[in-house]
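Participant: this is the structure alone, sequence omitted:
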């Protein structure tokens, strides 16, 4: 018969399992749970208290504080950092020992074990594999001790791996070189780790040429302490001044006159073999200055504030007595003082054309140059044929190229020459034998003899005439007070101005039209009250202007119905009865 039941589910299998569990519980109870607890927890007291817990021994019976069930999502490392929060901070910020360690996955018990007894160490490391560089100190230059044996952790840390005693450096290095160690500590102090990181970078193999201050010349043989004495940290070591003056100010024989940049003249190979570049001072040595002894200008070895202009040194040699100012370089040069070249353009009076060939003494009498006049008239007043009529600005007409070739711009006067005036000979207007000043500038003064109007239109000829065409007259009648409008615009001038008499011509209608008054003066002389200049017959009489306004049925009555005396209007009765007596019922 084929039976497919599992053996473990048989009666005997189930009975065996029950017996086994019972035995495990029994042995656990009899052994005080020793089978689940490999040893006592560490009793070392920490620096902080977490809920009253100061050591692992305080939670001896609380396994769940560190251990997790198989089905938990957390592991033991997660339990550790619940209490040891400073480790979490280090790992998040990547600082401290734990922050620099790369452990994947994170398992605290890889280095830290417990249950080894109350006094056992909580840290168990394989020092051969420990990455010592994460502490900030490399072991590259600490592989063997002075006796040739390999370094051990205890050589530097003693019994507590967490501590490091700085005096260990001194005691070890005194065995290697006691004299150097003593001098080094005297110069830089005992804080070795402030500068040294175990890489040997600041050791005997340090290459100073890799920094910005290379050791050259006599600096190459100098002792470090000579420049870096008292530098007890790497920052202080790197912050050592790199300029000459910071170290050598006490040796400055120039008392600061040349500033603090010693390297401008000196070099570290041979301090006395100096070379000064005078060009950097702003006063380059050229010409004969190149061979002059320094003391000639820098008297008593005083260099600061030495004059850099010619006159500061050569005032005593000025043959011009200061007339040309103090800028000698305008004319002279350092190569040949006597070979002077003066640029007259710099004076404000350039020498052009005829002036360029004149001897200096012709203008600068008795070799006096200062305050020499720069205007033409001061020199040429004696040559003025105009006797001052045109003022003193000769350049207005004349040029220094050819004095006789003058060109006068009449537009600069108050009377520009336009039209036919532009071709008139000068003497036609300036008739008094070459006298120009005071010549009249109005038309009438010259053209009075040509006035066909006999002065009736005054003396302002330009009011009607123009200099381009005298016969092309344009008279604006509106300026007379009697504007020509309507039929008047077509009337000949002589119709009103009889016998060419223009003065006192009447400007009212009746003055010209009295002979044509059909009303015989009954309506007065103000013709414009009814008539207009456009059409004389189109008259409009405003009866309201009389003492008898036309109102009511009177407004439609024919004029002759009231004015019955054959066009006689004056004296017409203004009362009703005079006209309507016949209608009196």
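Facilitator: Thanks, I have it. Fair warning: this is a prediction, and the values are worked out from it, not measured in the lab.
Participant: going forward, measure contacts between C-alpha atoms and count neighbours the same way
Facilitator: Noted.
Participant: how about residue 345, nearest residue that isn't a chain neighbour?
Facilitator: residue 351 (6.9 Å; Cα to Cα, 6 or more residues apart in numbering).
Participant: which residues of the stretch 401-550 of the chain fall in strands?
Facilitator: All residues of the stretch 401-550 of the chain lie outside strands when identified by DSSP state E, counting those that start in this stretch.
Participant: poorly predicted segments of it, please.
Facilitator: 433-434 (pLDDT under 70).
Participant: quick one: average pLDDT of the helix or strand hosting residue 246?
Facilitator: Element membership for residue 246 (DSSP states H and E) is helix 244-248. Helix 244-248 comes out with an average pLDDT of 88.
Participant: which SSE is immediately downstream of that helix?
Facilitator: Following helix 244-248 toward the C-terminus (DSSP H and E): helix 294-297.
Participant: circling back: which other residues reach the helix holding residue 246?
Facilitator: Outside helix 244-248, the residues that touch it by Cα atoms under 8 Å, 6 or more residues apart in numbering are 227, 260-263.
Participant: what residues of that helix count as buried?
Facilitator: Within helix 244-248, the residues scored as buried using 16 or more other Cα atoms under 10 Å are residue 245.
Participant: now do stretch 269-277
Facilitator: Within stretch 269-277, judged by 16+ other Cα under 10 Å, no residue is buried.
Participant: ends of stretch 152-165, how far apart?
Facilitator: Terminal residues of stretch 152-165 are spaced 15 Å apart (Cα to Cα, to the nearest Å).
Participant: I misspoke; the intended subject was stretch 311-325.
Facilitator: End-to-end distance for stretch 311-325, by Cα to Cα: 9 Å.
Participant: what's the answer for stretch 496-512, then?
Facilitator: 7 Å.
Participant: before we move on, the earlier item: what's the spacing between the helix holding residue 246 and its chain's center?
Facilitator: Relative to its chain's centre, helix 244-248 lies at 38 Å (Cα atoms, centre = their mean, to the nearest Å).
Participant: how close does the residue nearest to residue 345 sit to residue 344?
Facilitator: 6 Å.
Participant: again, but for residue 255
Facilitator: For residue 255 relative to residue 344 (Cα to Cα), the value is 45 Å.
Participant: state the mean pLDDT of stretch 39-48.
Facilitator: Averaged across stretch 39-48, the pLDDT comes to 85.
Participant: what's the offset of that stretch from the middle of its chain?
Facilitator: The answer for stretch 39-48 is 69 Å, by Cα atoms, centre = their mean.
Participant: which other residues reach that stretch?
Facilitator: 54-58, 60, 114-122.
Participant: which members of those are classed as buried?
Facilitator: The neighbour-count test (16+ other Cα under 10 Å) marks 54-57, 60, 114-115, 118, 120, 122 as buried among these.
Participant: ok, the residue nearest to residue 345 - how many residues close by?
Facilitator: Residue 351 has 15 neighbouring residues, counting by other Cα atoms under 10 Å.
Participant: got phi/psi on it?
Facilitator: phi -90, psi 110 (degrees, to the nearest 10).
Participant: for the remainder of this discussion, apply numbering that starts at 55.
Facilitator: Sure, I'll start numbering at 55, so the last one becomes residue 405.
Participant: which one of the buried ones among the contacts of stretch 93-102 sits closest to residue 157?
Facilitator: Nearest to residue 157, judged by Cα to Cα, of the buried ones among the contacts of stretch 93-102 is residue 176 at 18.1 Å.
Participant: any weak-confidence spans in the protein?
Facilitator: 55-63, 79-91, 487-488, 620-621.
Participant: and the longest helix for it?
Facilitator: Determined from DSSP state H, the single longest helix within the chain is helix 221-242.
Participant: any idea how far that one is from the chain center?
Facilitator: For helix 221-242, the distance to the chain centre is 59 Å (Cα atoms, centre = their mean).
Participant: buried sites along the helix or strand following that helix?
Facilitator: The element immediately downstream of helix 221-242 (helix or strand, assigned by DSSP H and E) is helix 278-282. Neighbour-count burial for helix 278-282 flags 281-282 (criterion: 16+ other Cα under 10 Å).
Participant: which strands or helices does helix 278-282 pack on?
Facilitator: Packing partners of helix 278-282 (3 or more Cα pairs under 8 Å, 6 or more residues apart in numbering; DSSP states H and E): helix 221-242.
Participant: how many neighbours does residue 67 have?
Facilitator: 12.
Participant: ok so it is a helix residue?
Facilitator: Yes: counting by DSSP: H, G, I helix; E, B strand; the rest coil, residue 67 falls inside a helix.
Participant: and the helices in the stretch 105-254 of the chain?
Facilitator: Remark: helices assigned in the stretch 105-254 of the chain by DSSP state H, counting those that start in this stretch are 130-137, 139-147, 150-154, 207-211, 221-242.
Participant: I am finished for the moment; much appreciated.
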